[in-house]
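Chemist: 3D, please:
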Amino acid sequence: MSMEFTIKQSTLKDELGFIQGVVERKTTIPVLANILIESLGDNEIRIVGTDLDVTIRCDAEAVVEKAGSICVSARKLFDIVRALDAEDVHFKKEDNEWVTMKCGRAKFRLAGVNREQFPEIPSFKSTPLSLPAATFNYFIQNTAFAITNEVSRFTLSGAKFVISDGIARMVTTDGHRLAFIEQKLSGDEKTSAIDTLIPRKALLELAKIARDTGGDIAFGEDQKHLFFEIEGRLLISRTLTGAFPNYELVMPKDNDLTAVFDLEEMRAAVRRVSLMADDRTRSIRLIVRDGEIELNAQSSEEGEGREVVPAEYAGPETTIGFNWQYLLEFLNNAGSIATAAKAEGEKESDGDGTVRVRDGNAATRISFEFKDSNAQTQMRIADNSEYDYKYIVMPLRI
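Modeler: You can find the predicted model right below:
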């Protein structure tokens with residue numbers, strides 16, 4: 001089938017940018033390095049990319065002169081389009097699957113493949129549930145870093161996502177640490193209900209889409225797939241099978257000692273002191289005492305590092321060992337969320353309709369909760385009333 005259409009460069013660049021993350025560059029199935037572009041009536045096209053596990057489908061405005069489809073290299077097309085001037089881009093399908101594209105004085109001829117080689121996309125089901133994109137983004141950023149990288153631990157290679165009894169919750173773990181976040185829902189959201197596992201790759205692609213929108217994400221599932229829909233974009237993911245661990249068993253119930261410290265001070269200290277940690281164990285030692293936390297790390301071959309961070313604490317001196325990377329990943333992610341919140345500021349009304357933004361430069365504080373040197377330690381952002389966010393880490397034996 002022939003095809004011919006014209007689309008704005010900015011529109012095409014945005015949609016291709018979303019799809020790049022799921023397109024396989026190094027694959028044993030060459031067609032997966034391509035995207036499929038199909039016409040939808042006279043004024044719209046559909047762009048699809050997939051790696052068979054995750055699929056992204058984007059609908060975009062275009063002037064369609066001839067209906068049909070083309071299938072071309074996703075990476076090459078994206079590289080060309082983002083280098084073009086902000087003008088209209090014209091596509092025309094030629095014989096033997098070749099595609100010509102023109103933009104201003106630039107002209108390209110791309111090799112394509114037959115549409116029949118492109119895999120069938122799962123049938124789109126309904127998306128009866130919805131949450132604000134900002135909520136999804138916050139959930140993912142605060143939990144995705146704790147997902148395991150071990151391929152063999154299949155049921156841990158994603159996030160447990162639950163909506164039930166008016167509460168939305170996301171949990172991830174790699175067996176050594178656990179990230180937990182939940183939020184109470186209001187209004188129509190209270191009737192939502194789902195309990196599923198979202199694979200890591202789908203989660204990260206969903207976060208990209210959520211960051212660029214202020215609307216709601218509608219979602220649903222069938223026996224094998226999850227569907228997330230927002231503003232003309234659809235993400236389809238295979239679900240993970242198997243039983244997620246009973247995370248409630250590892251949630252500490254009796255951590256009665258608490259130290260509170262400045263996030264930026266602790267993050268900088270961990271980054272510096274960890275430079276002297278043993279490369280194999282990545283061990284860093286925290287000595288929590290009245291008014292401060294002392295960090296130290298040492299390597300038998302390279303030396304040692306030590307730094308003290310002020311903290312609000314009035315309990316017995318306790319020494320706890322951690323994998324420094326687990327600490328720093330939490331502090332980095334908590335810090336990025338806090339920075340975004342401060343940049344946005346807190347909007348409040350003066351009562352006369354005027355909206356002003358309050359200064360958001362107050363330091364972000366972290367609450368560090370523990371029982372002793374050997375039990376699970378819980379960390380969270382202090383004074384965060386909107387979300388119940390907890391990060392639990394198993395300490396190292398020291």
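Chemist: isn't there a helix covering residue 208?
Modeler: Yes: when DSSP: H, G, I helix; E, B strand; the rest coil is applied, residue 208 is found to be in a helix.
Chemist: measure it to residue 30 for me?
Modeler: Residue 208 sits 25 Å away from residue 30, going by Cβ to Cβ, to the nearest Å. (C-beta placed from N, C-alpha, C; glycine too.)
Chemist: Among those two, which residue is more densely surrounded?
Modeler: Between residue 208 and residue 30, counted using other Cβ atoms under 10 Å, the more crowded position is residue 208 (16 against 11).
Chemist: Now do the contacts for the more buried one.
Modeler: Taking Cβ atoms under 8 Å, 6 or more residues apart in numbering, we find residue 208 in contact with 18, 21.
Chemist: Kindly give the local confidence score, pLDDT, for it.
Modeler: Looking at residue 208, its pLDDT is 86.
Chemist: domain assignment for the protein?
Modeler: 4-117, 129-247, 252-393 (automatic domain parsing).
Chemist: Can you lay out those as JSON lines showing distance to residue 123?
Modeler: Below are these laid out as JSON lines (distance: least, Cβ to Cβ, whole Å):
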{"stretch": "domain 4-117", "distance to residue 123": "11"}
{"stretch": "domain 129-247", "distance to residue 123": "9"}
{"stretch": "domain 252-393", "distance to residue 123": "35"}
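Chemist: Of those domains, which shows the lowest average pLDDT?
Modeler: Averaging pLDDT over each of these puts domain 252-393 lowest, since it has a mean of 83.
Chemist: and it, how far apart are its ends?
Modeler: Using Cα to Cα, to the nearest Å, the end-to-end distance of domain 252-393 comes out at 10 Å.
Chemist: Which residues does stretch 29-44 contact?
Modeler: Outside stretch 29-44, the residues that reach it (Cβ under 8 Å, 6+ apart) are 3, 5, 16, 19, 23-25, 27, 45-52, 59-64, 66-75, 77, 91, 112-113, 115, 117-119.
Chemist: So which bits of that stretch are buried?
Modeler: 31-39, 44 (16 or more other Cβ atoms under 10 Å).
Chemist: And stretch 93-105, by the same measure?
Modeler: 93, 97, 99, 101-103.
Chemist: Touching, residue 125 and residue 227? I think so.
Modeler: Yes: Residue 125 is within contact range of residue 227, at 5.8 Å (criterion: Cβ atoms under 8 Å).
Chemist: The two - which one has more neighbours?
Modeler: Using other Cβ under 10 Å, the more surrounded residue of residue 125 and residue 227 is residue 227, with 20 against 14.
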